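Chemist: prediction below, plus the sequence it came from.
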Amino acid sequence: MRDFEDYCWRDLVSDEMRAIYSAYVRERKLGPQPALIVVHPGESAGDNAWQSAAARLLEEARRRAMPVIHSVSPDSTPVEVLYSEGEAVCARPCESAFFSSDLERRLKAHGARALVVCGAPTSGALRATAVEGKSYGYKVAIAEETVGDESGFLHKMALFDVAHKYADVMSLEELLAQL
């Protein structure tokens, strides 16, 4: 497994900042009975390079019969390349996929105890969903390559914050190996 700090934010975080956040360094792993939450962007999420990695993650989740739930903003539809007919779609009226939606009810119905979250934007809906997921008691994991944002800076800083407080950020290969 890669070093805890060897991710996209490395070029933005000083040695002093890494020392301050060293208390958060831990083993990263996928929790038991995971469900995959796909956070679909609204109008724009910048570069869509993350979508091909997310599609690969979705393919493996479907192969393993993991529950897959798509979270979409109001008046929006799932990104076609990521959605498969018949998969659950939850409308989210704000950033978090949990707030004022039926996501928690759906997760409980599937017996999910952990979450894998992918999608965009990293600094908005994805981050909010990871924070709320932890608040609801789920073990949350994110594959770095499966998320994106309009701003490279905000993407990196949101992943840094999430990795140190709310979720286990790892590479797609590391996450797939743990499924």
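Modeler: Alright, I've got the coordinates.
Chemist: give me the nearest residue to the residue nearest the centre of the chain, chain neighbours excluded.
Modeler: The centroid of the chain falls nearest to V117 when counting by Cα atoms, centre = their mean (2.6 Å). In space, and not counting its chain neighbours, V117 is closest to I37: 4.8 Å by Cβ to Cβ, 6 or more residues apart in numbering. C-beta here means a position set from N, CA and C on the backbone, and glycine is covered the same way.
Chemist: and the helix or strand where the one you found lies, what does it pack against?
Modeler: If you go by DSSP states H and E, I37 is part of strand 34-39. Applying 3 or more Cβ pairs under 8 Å, 6 or more residues apart in numbering; DSSP states H and E, we find strand 34-39 packed against helix 50-63, strand 68-72, helix 103-110, strand 114-119, helix 127-135.
Chemist: mind running it again at 10 Å?
Modeler: On a contact count with 3 or more Cβ pairs under 10 Å, 6 or more residues apart in numbering; DSSP states H and E, strand 34-39 meets helix 50-63, strand 68-72, strand 88-91, helix 103-110, strand 114-119, helix 127-135, strand 139-143.
Chemist: which one, of those, ends up nearest to S151?
Modeler: helix 127-135 (12.5 Å; Cβ to Cβ).
Chemist: avg pLDDT for that closest one?
Modeler: Mean pLDDT, helix 127-135: 97.
Chemist: counting by contacts, list what that helix packs against.
Modeler: Checking 3+ Cβ pairs under 10 Å, 6+ apart, helix 127-135 ends up next to strand 34-39, helix 103-110, strand 114-119, strand 139-143, helix 152-165.
Chemist: so how far is it from its chain's centroid?
Modeler: 9 Å (Cα atoms, centre = their mean, to the nearest Å).
Chemist: may I see the buried residues of that helix?
Modeler: R127, A128, T129, A130, V131, E132, G133, K134 (16 or more other Cβ atoms under 10 Å).
Chemist: what is the nearest of those residues to R2?
Modeler: Of the buried residues of helix 127-135, the one sitting nearest to R2 (Cβ to Cβ) turns out to be A130, at 19.1 Å.
Chemist: distance of the closest one from W50?
Modeler: 15 Å (Cβ to Cβ, to the nearest Å).
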